[in-house]
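1. please work out how this folds:
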Amino acid sequence: MLNNYSDRTFGFVPLFAEVRDARGQTVKSRILLRGSEDGVVEPGETLRGQLFLLDRRWNSSGSQSLTLVIREGTSGSRSFHLPF
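-> Purely as a prediction, here's the structure:
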């Protein structure tokens, strides 16, 4: 879930989101959004989807030592780094 707590619309292209490991290396992944959601999150809204890791096993005992990097496609060019 991505929550937009700002007062500006946030949009991104899920295909260009990246997952990186602790060394900064890209991990193959894919984000699938639910329903007709298109990567645009209005202020105060929530975007739901699933993140699939394609070349890593999930560590069931805590942190994955991975970071999801999402770059804004709308004006502002914000970049978000979400550790998990």
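
2. how about the contacts made by I70?
-> L2, F12, A17, S79, F80, L82 (CB atoms under 8 Å, 6 or more residues apart in numbering). All C-beta spots, glycine's among them, are computed from the backbone N, C-alpha and C.

3. for it, give the beta-bridge partners.
-> As for beta bridges, I70 partners with F80 under DSSP bridges.

4. so how far is G62 from it?
-> Going from I70 to G62 by CB to CB, to the nearest Å gives 23 Å.

5. could you do D55 as well?
-> When CB to CB is the yardstick, D55 and G62 sit 20 Å from each other.

6. quick check: which element contains the residue lying farthest from the centre of the chain?
-> In the chain, the greatest distance from the average C-alpha position (CA atoms, centre = their mean) is reached by S61, at 21.6 Å. Secondary structure assignment for S61, by DSSP states H and E: no helix or strand.

7. show me where this structure has its strands.
-> Using DSSP state E, the strands found in the chain span residues 2-3, 10-11, 18-21, 26-27, 29-33, 40-41, 46-47, 49-53, 66-71, 79-83.

8. now this protein, which segments are flagged as low pLDDT?
-> Within the chain, the ranges that satisfy pLDDT under 70 run 36, 76.
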